[in-house]
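Undergrad: Turn this into a model:
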Amino acid sequence: MISNPYKSFVLVAVILLAIFCIVLWRLTSLHPAWIYLIAVSAIAFLFYGYDKVQARRNGGRIPEVVLHLLALAGGTIGAFLGQFLFRHKTKKWEFRLVFILIVIVQLGLIVWWTMKG
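TA: Next comes the predicted model:
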């Protein structure tokens, strides 16, 4: 693996995203946007679960910026479910603040998109 954990986990996320998207594309008739959102949410969820396991083991952790990038890339639902179900990253206020800001920006974009047409 690459020695930089940021690059390593982003690379793993991109590879998993491609695999998930291809599998969903072949198995479903969903719109590509839905395929992407489902895949990136699933990856965010898995990354939160993995990071929680690593936190318990005192192992190598996923950098917080990678978790935020997954949410920002559209994996907000998976990130939220990962936080809730794994009880992970729920007490760290700085992390939660950034996550809440990501959600606000995404909701603003959704409102803007639906009102522009």
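Undergrad: Quick check: residue 30 vs residue 22, distance?
TA: From residue 30 across to residue 22, the span is 13 Å (CB to CB, to the nearest Å). For every residue, glycine as well, the C-beta is placed using N, CA and C.
Undergrad: How about residue 104?
TA: Distance, residue 104 to residue 22, using CB to CB: 32 Å.
Undergrad: Then residue 65?
TA: Distance of residue 65 to residue 22, given as CB to CB: 26 Å.
Undergrad: By residue count, what's the longest helix in the chain?
TA: For the chain, the helix with the greatest residue count under DSSP state H is helix 32-57.
Undergrad: Counting by contacts, list what it packs against.
TA: In terms of contacts (3 or more CB pairs under 8 Å, 6 or more residues apart in numbering; DSSP states H and E), helix 32-57 is packed against helix 5-27, helix 64-70, helix 76-86.
Undergrad: Show me which positions of it end up buried.
TA: Residues 35-52 are the ones in helix 32-57 that count as buried (16 or more other CB atoms under 10 Å).
Undergrad: how far out from the middle of the chain is it?
TA: Taking CA atoms, centre = their mean, to the nearest Å, one finds the center of helix 32-57 at 5 Å from the center of the full chain.
Undergrad: And the closest residue to residue 5 other than its chain neighbours, its phi and psi?
TA: Closest residue in space to residue 5, ignoring its immediate chain neighbours: residue 63 at 5.6 Å, by CB to CB, 6 or more residues apart in numbering. Main-chain torsions, residue 63, degrees, to the nearest 10: phi -60, psi 140.
Undergrad: burial of residue 63, as a residue count?
TA: Residues lying near residue 63 (other CB atoms under 10 Å) number 16.
Undergrad: which ones are touching it?
TA: 5, 6, 9 (CB atoms under 8 Å, 6 or more residues apart in numbering).
Undergrad: of all those residues, which comes closest to residue 83?
TA: Of all those, residue 83 sits closest to residue 9, with 17.3 Å by CB to CB.
Undergrad: The closest one - nearest residue in space that isn't next to it in sequence?
TA: residue 66 (4.5 Å).
Undergrad: What residues of stretch 74-90 count as buried?
TA: Neighbour-count burial for stretch 74-90, counted by 16+ other CB under 10 Å, picks out 74-83, 86, 88-89.
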